[in-house]
Each structure stands twice: as C-alpha cells, then as structure tokens.
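Colleague: Generate a structure from the sequence data that follows.
(chains A, B, C and D)
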Amino acid sequence: MRILYFAWIRERVGCESEEITLPQNVSTVQDLINWLSNQGSGYQTAFGDLKIVRVAVNMEFSDFDHCINNEDEVAFFPPVTGGGI
Amino acid sequence: MRILYFAWIRERVGCESEEITLPQNVSTVQDLINWLSNQGSGYQTAFGDLKIVRVAVNMEFSDFDHCINNEDEVAFFPPVTGGGI
Amino acid sequence: MIRVQLEDFDPGIEIDNLSADNYHIGGISSFVGLVRDMYNDHKLISMTLEHYPKMTEKMLEEIQSEAFKRWSLEGCLIIHRYGQLNPGEKIVMVATASLHRQDSLESCAFLIDWLKTKAPFWKLEHSTECDNGKWVEAKEDDNIATRKWDKIIPNKARDI
Amino acid sequence: MIRVQLEDFDPGIEIDNLSADNYHIGGISSFVGLVRDMYNDHKLISMTLEHYPKMTEKMLEEIQSEAFKRWSLEGCLIIHRYGQLNPGEKIVMVATASLHRQDSLESCAFLIDWLKTKAPFWKLEHSTECDNGKWVEAKEDDNIATRKWDKIIPNKARDI
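Modeller: Model (predicted):
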C-alpha cells in the first residue's frame, strides 16, 4: 500500500510517502492510524489529534471507518486551505 | 427649459433636444407631455403609450407628477436596457 | 472608477490596475458583458448603444457609491461602452476588489444587476430580420434582479 | 478547463480565450485570488502552497463538472497555482461563460467556495512572526460557504 503525507502531517511523520504491506488485522483507515501511531513518536504526534486529520483513499475524501486494502493509495493531511482567500 | 429625447422617442419626435419656454399652466412632467402631444403627430406617437415612457428631471429618474420649471433639464426615453446581457 | 467610452478595453489590464500596489486585496471579481450573435431567435449583425452622457456618468457614480456603502471594498471599476458594437465585442465590465472574497463576489453581481436598470443606455439591434434596427425592450426580469438587492444588507464584519 | 501550475497567468488572456469564437456568450464572470500581505495581524513575507497533484486535478475536474451540471455554461476555467508565492501574486482564478449573466455569476461564486473546501491545497505562511512557516488552519466559515450551495438548485431555463 502507498501512504502519502501532506503539510504538517508530512513534517511530523518525516517523509512524503512510503510503501507498506498492510499488516494483519488492519482493515480500515482507523486501524491503519492505530498501527502507524505505534511506529514512532513522529507518527504519534502526527496522529495525536484526529479532529484535524483528514484522509483520502484513492484520491477520494473518506471516513476513518473506510475499508482499505493493499492496492489502495491512502493520503493523510490537515483540512484543506486552498482557493486563495 | 431643455428637453432631451432618446432612442425611439427621439426618432418619433424627430430631434435629439430642444429649448422651450415653459408655457403657462405647465407645472408638472405630465402637463409638459400633454402640451408636447399637441405640437405635432411625432410627439403624439412618441407619447402615445406612457407605460413605456420614462422621464428624468435634472438627470434623476422622476415621476410624471414631478414639478418642473424653466431651469430644468427634462429627458424622455424608454425603459433602459444597458449593461450588456 | 467610472469610464464611459467608445473604445474596447483589456480586462486583464483593468484587473491588474485595480489591485496595483494594494497588497491587502485578497480577491477581485469581475463581470464582462459581450454582444451576443442571437437574440430572440434572430441573428444579430450589430448593435448600437445610445446613452445620455451626463446622466450615465452620474448614475454610474451613484451605483459605485452604493457598492462602497454596502460592502467593504478596496477598489471598484465600471466601464461601459457606447456606439456600434459587433457580436463578440465587450460592452461592459464591472470589477471589485476586497480583502475577503464574498464582498467582491456579491458587489460585482450587485453592480451588474443595478447597472441594467439604472444606467441610461438603450440598445438598437440590427438583425437579419430588421436591418433598420429595432429598439430592445427592457426585461421585467432585470427589475426583479435589481429589486432583490433591496433586501440584502451584507455584514461588513464577516471574515470569509 | 483545469490548470495546476507554478507559473503566473494573465486573466485578460484567459477571459479572451474562454469566449473566443463563441458569439453565443453574453457574459463572463471571474474571480482572481491574490496573496495578501497581512494575515491575523502579522505581516506575510511569502507563502508556500503544497498540494496533492493527482488528487488536485481530479477534484478540480469534479468541481468543474458539478458547475456544468448545475448551470448552463458555455465555458469554465479553473487555474490554481502552487509553490512559493509573494504578497500581490495571483494564486487562483475561476471564470465561467454563459448566455445569461446569472449562470456565470452564480457558478463563479460556487466554484471558488467549493474549491476552498474540496481542493487538496495547504498553505504554509512565512511571516515576520514565524519565519520557519506556519500552516494555515481551515476556516469553519469556508465550510459554511460551501454547504450553502447544497440548498441552491438553479433554474437552467431562466432568461435573465
């Protein structure tokens, strides 16, 4: 699975993207967040306040209970702030 | 008094503007229209349907019962159709 | 700024001028009106815009003042052409600049609605059907569009 | 048309291109977003716009399709820049062309509101107060502005 990180989530995690093999027992976005949060303090601070974390699965905004599999591209980022003013 | 005519009212009256001395008994726009309508068939057709005639006195949209005097500039025209589309 | 002119204009230059040296501006909304080639099922060859010059300037100034009163604007532009115009040519441009986008979006829509019923312009259409020209009648829809602004009192304190 | 680019753009050329050779168009509305020099009482030196390239294109296409579904449009343009931008620089432009002015005015406002909450862009502000940069937080107001469009079903048959 490909995971992408943007903005301050990227800064806290310490990388832009990574390839992982989905561990057993990880079937939703929330499972993935829980698993990642145990991979180091960078991940832990990145996912410390989930109210300000958003996720896209295969470039669609998704909920944390969205099911994922090894072929998905999952991106984590803060709420978007585009569009000029 | 200066009177201006625009669009099809100008075409029917046959001139763009004229200077007149306000006749006795003409104290409102409506009086002026009545008086002008007796000045020839052009005026008569121009003021034939007052629902589609608008007036400005001194460059302010006005009603037909607006009082006028010799120093005023009175303009007659159809409802405006500016502004592109 | 108000301009009533025969000549064409460049919307890009006008937009740039409106924001030049003012780095507080966050957005510029504009509307450019063009001459269409079809009106009521007949093909337009050209149109002639007649106006009442002194009153036009006065009314456009009043419309602009009204926009500045109702919204927080950093800049405002109204350009209206007159004379003969062919399909595809620009007739009118309104543009407003503001810190926050809603002020400029709303005031731009307001300006073009008001302009249609308050600026003393009359259109003579030359079409394939009527080469001598036919004076365009005002639309009741335009009056409705203008009147809707009577009810709208924007909140200047908003921060969107 | 969708463009996501580092380079600046010329709104005048974009407006001209949107109406080129289409004489049915009666009006073009546009919104140009600029980098402001002040945000929340501190002076901005520059900002960096980060985005999720593949998803950006996809979302902008979806937003554009939604505008074409809701309004009668003859043309639509969304340009969004990314990378480092200084105060006064253009960030974004949306423009829509239609036969009647309300379609283009409403869809232009819709596009910029939707873009703010649906396009995956994040702003890093470099200010006098925080030279290393501070990520801009999303505004609840933007979500409210986006949601208001859920209620609006424009009437495509209108002739204003």
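
Colleague: Contacts only, for the residue of chain C found nearest chain D.
Modeller: Scanning chain C for the residue nearest chain D gives C:G12, at 1.9 Å (criterion: CB to the nearest CB). (Glycine included, C-beta is placed from N, CA and C.) Contacts for C:G12 (CB atoms under 8 Å, 6 or more residues apart in numbering or on different chains) come out as D:D10, D:P11, D:G12, D:I13, D:E14, D:I15.

Colleague: now swap in C:A109 and tell me
Modeller: So C:A109 contacts C:F31, D:L105, D:A109 (CB under 8 Å, 6+ apart).

Colleague: what does A:E19 give?
Modeller: Per CB under 8 Å, 6+ apart, neighbours of A:E19: A:M1, A:R2, A:I3.

Colleague: please redo it, this time with the cut-off set to 6 Å
Modeller: Shown in contact with A:E19 (CB atoms under 6 Å, 6 or more residues apart in numbering or on different chains): A:R2.

Colleague: C:I144 sits in which helix or strand?
Modeller: helix C:140-147 (DSSP states H and E).

Colleague: that's a strand at the residue of chain C closest to chain D, yeah?
Modeller: No - under DSSP: H, G, I helix; E, B strand; the rest coil, C:G12 sits outside any strand and is assigned helix.

Colleague: For it, which non-adjacent residue is spatially closest?
Modeller: D:G12 (1.9 Å; CB to CB, 6 or more residues apart in numbering or on different chains).

Colleague: And A:Y5, by the same measure?
Modeller: A:V13 (4.7 Å).

Colleague: What is the burial count for that neighbour?
Modeller: A:V13 has 23 neighbours, counted by other CB atoms under 10 Å in any protein chain shown.

Colleague: gap between stretch A:20-35 and the chain center?
Modeller: 10 Å (CA atoms, centre = their mean, to the nearest Å).

Colleague: From start to finish, how long is it in a straight line?
Modeller: End-to-end span of stretch A:20-35 (CA to CA, to the nearest Å): 12 Å.

Colleague: now swap in stretch A:12-22 and tell me
Modeller: Start-to-end, stretch A:12-22 (CA to CA) is 21 Å.

Colleague: Could you give me the buried positions within it?
Modeller: Within stretch A:12-22, the residues scored as buried using 16 or more other CB atoms under 10 Å in any protein chain shown are A:R12, A:V13, A:L22.

Colleague: again, but for stretch C:65-74
Modeller: Quick answer for stretch C:65-74 (16+ other CB under 10 Å): C:E66, C:A67, C:R70, C:W71, C:S72, C:L73, C:E74.

Colleague: Export the residues you listed as TSV, with columns for secondary structure and distance to D:S19.
Modeller: Converted to TSV, these look like this (DSSP: H, G, I helix; E, B strand; the rest coil; distance: CB to CB, whole Å):
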residue	secondary structure	distance to D:S19
C:E66	helix	29
C:A67	helix	25
C:R70	helix	29
C:W71	coil	27
C:S72	coil	30
C:L73	coil	26
C:E74	coil	27
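
Colleague: if I look at the spatially most central residue of chain A, how far off is A:R2?
Modeller: When CA atoms, centre = their mean is applied to chain A, the residue found nearest the centroid is A:F76 (3.4 Å). A:F76 sits 12 Å away from A:R2, going by CB to CB, to the nearest Å.

Colleague: Run a quick neighbour tally on the residue of chain C found nearest chain A.
Modeller: With CB to the nearest CB as the measure, C:G26 is the residue of chain C nearest to chain A, at 3.3 Å. Using other CB under 10 Å, C:G26 has 24 neighbouring residues.

Colleague: One more: C:R147?
Modeller: When neighbours are counted by other CB under 10 Å, C:R147 comes out with 11.

Colleague: Around chain B, which positions in chain C sit nearby?
Modeller: Within chain C, the residues that sit near chain B (CB under 6 Å from any CB of the partner chain) are C:33, C:50, C:52, C:54-55, C:58, C:91-92, C:112, C:115-116, C:119-123, C:135-136, C:138.

Colleague: Just the buried residues of these.
Modeller: Here, 16+ other CB under 10 Å leaves C:33, C:50, C:52, C:55, C:58, C:91-92, C:112, C:115-116, C:119-123, C:135-136, C:138 buried among those.

Colleague: re the thing from before, what packs against the helix or strand in which the residue nearest to the centre of chain A is found?
Modeller: Secondary structure from DSSP H and E places A:F76 in strand A:73-77. Under the contact criterion of 3 or more CB pairs under 6 Å, 6 or more residues apart in numbering or on different chains; DSSP states H and E, strand A:73-77 touches strand A:2-5, helix A:7-13, strand A:54-57.

Colleague: what is the mean pLDDT for the last one?
Modeller: Within the predicted structure, the mean pLDDT of strand A:54-57 is 97.

Colleague: partner strands of that strand, parallel or antiparallel?
Modeller: strand A:60-62 (antiparallel), strand A:73-77 (antiparallel) (DSSP bridges).

Colleague: What residues sit buried inside the shortest one?
Modeller: Translated: strand A:60-62. A:F61, A:S62.

Colleague: Pull the residues that contact that strand.
Modeller: Outside strand A:60-62, the residues that reach it (CB under 6 Å, 6+ apart) are A:V55.

Colleague: The helix or strand containing C:T56 versus strand B:73-77: what angle between them?
Modeller: Assigned by DSSP H and E, C:T56 belongs to helix C:53-70. Helix C:53-70 runs at 90 degrees relative to strand B:73-77, counting by axes from the mean of the first three to the mean of the last three CA atoms, to 10 degrees.

Colleague: burial of residue 46, as a residue count?
Modeller: As the question left the chain open, I've gone with chain A. For A:A46, the count of nearby residues is 22 (other CB under 10 Å).

Colleague: To clarify, I was referring to chain C.
Modeller: So C:S46, with other CB under 10 Å, has 15 neighbours.

Colleague: go on, the one 3 residues further on?
Modeller: Residue crowding around C:L49 was assessed by other CB under 10 Å; the count is 22.

Colleague: before we move on, what about A:G42?
Modeller: 16.

Colleague: is it true that it touches A:E18?
Modeller: No - A:G42 is beyond contact range of A:E18, at 11.7 Å (criterion: CB atoms under 6 Å).

Colleague: From chain B, how far out is the residue sitting furthest away from the middle of chain C?
Modeller: Here the centre of chain C is the reference, and by CA atoms, centre = their mean the most remote residue is C:E129, at 28.1 Å. Distance, C:E129 to chain B, by CB to the nearest CB, to the nearest Å: 17 Å.

Colleague: Now do that residue, the pLDDT please.
Modeller: The model's pLDDT for C:E129 equals 77.

Colleague: One more: C:M38?
Modeller: 79.

Colleague: And for C:N143?
Modeller: Model confidence at C:N143 (pLDDT) stands at 74.

Colleague: go on, C:A157?
Modeller: So, for C:A157, pLDDT stands at 41.

Colleague: Quick check: phi and psi at the residue farthest from the centre of chain C.
Modeller: Dihedral pair for C:E129: phi -80, psi -30, per degrees, to the nearest 10.

Colleague: out of everything not next to it in sequence, what's closest to it?
Modeller: C:E129 sits nearest to C:H42 (CB to CB, 6+ apart), 4.3 Å away.

Colleague: can you count the residues close to that neighbour?
Modeller: 13.

Colleague: how close does A:I20 sit to A:Q39?
Modeller: 9 Å.
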